[in-house]
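Student: starting from these lines, generate the structure:
(one chain, ligands or ions: 1)
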Amino acid sequence: MSEKKYRVIQWATGSVGKISLQHFIENPVFELVGVLVTNPEKVGKDAGELVGLPPTGVLATDDVEKIVALDADCVHFSPLVQDIDMVCRLLRSGKNIVSPLGPVYPTEHFAADVEKIEAACKDGGTSFHGCGIHPGYVGDILPLTLTRLMDRIDRVEVFEIADKQKTPSVYIEFMGFGLDPETLLSQPNCMTGAMYAFGQSMALFVESLGKKIEDLTEKHEIATARNDIAYTGGVIRAGTVAGQHWEWTAWADGAPLITYHLYYILGNDMEPAWNLGESRHRILVEGNPSLELNLMAAPEADGHRPFLGITWTALVGCTAVPQVCDAAPGLVTHIDLGVVQPQGLVRRPQA
Ligand SMILES: NC(=O)c1ccc[n+]([C@@H]2O[C@H](COP(=O)([O-])OP(=O)(O)OC[C@H]3O[C@@H](n4cnc5c(N)ncnc54)[C@H](OP(=O)(O)O)[C@@H]3O)[C@@H](O)[C@H]2O)c1
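Tutor: Below is the predicted model:
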């Protein structure tokens, strides 16, 4: 790696965007050149102020044209909602993109988006990399790395166990927590179709092992609050949805090869009691020799381990930026990037 600095733009400053913005300001490998916001209260504010850091001289703007016209190496694109046309505009304007909104791997379901992205990359001489904690890391490149320790693999299970009681997230409402179970099950929510987003990570894993996904199957279980549950955004009433278990399985050679379990809960006072233990990502690889990996935050002063899904989603993208900028044009997956060598991480914490 050279001593090159990478000129970066942070697009949207929500939960993920704030972590990446802070990283871009503090990591000397990056030079922050732009910040796109939609919230009128943030327009005109210094990027540093948005994340509690000293002024940077870069002011947040809601002017898309100004951002597109900037000279930058990369955009970390993390708005709430995907906008493939905007992604393609940015790619054509000569900016590489790293994004937690994907696509993370070219599957049939996202073929139209991938085709558009590939064309824009070709025109702009740029690259696009989709990643996140899950999908985009913990269910693909991480278990794939673990398979290097295996003699034979029978089945893999990846658990995301997230207690959101202490972690504010728009997803608590988006996923239908606090609804009657019948209402939740009878209407679409933000998890409708999520199997295909996670299916990209499954495809990366399965195809890297020389197999093809023959079928993708889904299960959805609900747990209800035994009593009212207070959380950072309000109260989940007794009898309403307080826990959800989404399960997706990719089948190969007529058997389940990899299963993802997504457990989102608000505390543990629910029926049935799932007794999941601490928030974490857990990978089980059954075979010879079977192994288990638990990935979790270190405990804080009160002993509580926060769920770091948002932080890790931002950082797994930021750390890939230099290699994505230096990659050949096109959609680059974890496989294309190979072993990522993050730059600028070894430094003294700022006072
Ligand atoms: N792959 C993964 O593992 C993973 C994990 C977590 C999140 N994600 C994805 O990352 C994205 C960002 O997540 P987040 O937790 O940061 O979300 P968030 O906290 O809701 O922030 C999203 C930001 O997008 C902007 N925004 C608000 N409404 C918008 C709209 N209608 N259209 C476009 N932009 C809008 C706002 O930016 P300003 O405040 O700057 O105006 C908002 O703060 C989401 O799409 C999420 O699905 C992926």
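
Student: how about the residue of the stretch 51-200 of the chain found nearest the ligand: what's its closest non-neighbour residue?
Tutor: Using Cβ to the nearest ligand atom, G132 is the residue of the stretch 51-200 of the chain that sits closest to the ligand, at 2.0 Å. Glycine gets a C-beta too; all of them are placed from N, C-alpha and C. Closest residue in space to G132, ignoring its immediate chain neighbours: P100 at 3.9 Å, by Cβ to Cβ, 6 or more residues apart in numbering.

Student: which pLDDT value belongs to S2?
Tutor: pLDDT for S2: 58.

Student: over to the one 10 residues further on?
Tutor: Here, the pLDDT recorded for A12 equals 98.

Student: ok, now which ones touch it?
Tutor: Contact analysis of A12 by Cβ atoms under 8 Å, 6 or more residues apart in numbering lists 36-38, 77-80.

Student: E278 - how many residues pack around it?
Tutor: E278 has 14 neighbouring residues, counting by other Cβ atoms under 10 Å.

Student: before we move on, which element is the residue of the stretch 51-200 of the chain closest to the ligand in?
Tutor: Counting by DSSP states H and E, no helix or strand carries G132.

Student: residues contacting it?
Tutor: Neighbours of G132 in contact, by Cβ under 8 Å, 6+ apart: 100, 102, 104, 313, 316-317.

Student: also P289?
Tutor: Contacts of P289 (Cβ under 8 Å, 6+ apart): 149-151.

Student: what's the answer for E118, then?
Tutor: E118 makes contact with 330-331, according to Cβ under 8 Å, 6+ apart.

Student: report the distance from stretch 191-202 to the chain centre.
Tutor: Going by Cα atoms, centre = their mean, to the nearest Å, the spacing between the C-alpha centre of stretch 191-202 and its chain's C-alpha centre is 12 Å.

Student: which of the contacts of P289 ranks first by neighbour count?
Tutor: Using other Cβ under 10 Å as the neighbour criterion, M150 leads the contacts of P289 with 17 neighbours.

Student: L209 is in contact with that one, correct?
Tutor: No. Using Cβ atoms under 8 Å, M150 is not in contact with L209; the gap is 9.9 Å.

Student: any of the contacts of G132 buried? List them.
Tutor: Taking 16 or more other Cβ atoms under 10 Å as the criterion, what is buried in the contacts of G132 is 100, 102, 104, 313, 316-317.

Student: mind checking how far A242 is from the ligand?
Tutor: Distance of A242 to the ligand, computed by Cβ to the nearest ligand atom, to the nearest Å: 21 Å.

Student: tally of neighbours for that residue?
Tutor: Close neighbours of A242, defined as other Cβ under 10 Å, add up to 28.

Student: and for the residue in the chain that the ligand sits nearest to, the neighbour number?
Tutor: Of all residues in the chain, G14 sits closest to the ligand, at 1.6 Å by Cβ to the nearest ligand atom. G14 sits with 15 neighbouring residues when counted by other Cβ under 10 Å.

Student: contacts only, for it.
Tutor: Per Cβ under 8 Å, 6+ apart, neighbours of G14: 78-80.

Student: likewise S20?
Tutor: Going by Cβ under 8 Å, 6+ apart, S20 touches 10, 76, 78, 314-315, 317-318.

Student: hang on, it is in a helix, isn't it?
Tutor: Yes. Under DSSP: H, G, I helix; E, B strand; the rest coil, S20 sits within a helix.

Student: identify the residue nearest it in space, chain neighbours excluded?
Tutor: Closest to S20 by Cβ to Cβ, 6+ apart is A314, at 4.2 Å.

Student: the one you found contacts T13, correct?
Tutor: No. Look at A314 against T13 with Cβ under 8 Å: they stay out of range, at 10.9 Å.

Student: please, where are all the helices along the protein?
Tutor: 15-26, 47-50, 64-69, 84-92, 111-124, 141-146, 171-174, 181-186, 194-208, 309-318, 321-326, 334-337 (DSSP state H).

Student: show me the domain layout of this structure.
Tutor: Listed domain ranges for the chain are 6-131+312-337, 141-307 (source: automatic domain parsing).

Student: in terms of mean pLDDT, which of those domains ranks lowest?
Tutor: Among the domains of the chain, domain 141-307 has the lowest mean pLDDT, at a mean of 94.

Student: off-centre distance for it?
Tutor: Put simply, domain 141-307 sits 13 Å off its chain's centre (Cα atoms, centre = their mean).

Student: now the end-to-end length of it.
Tutor: For domain 141-307, the first and last residues are 20 Å from each other (Cα to Cα, to the nearest Å).

Student: same check, this time on stretch 88-108
Tutor: This stretch, stretch 88-108, spans 19 Å end to end (Cα to Cα).
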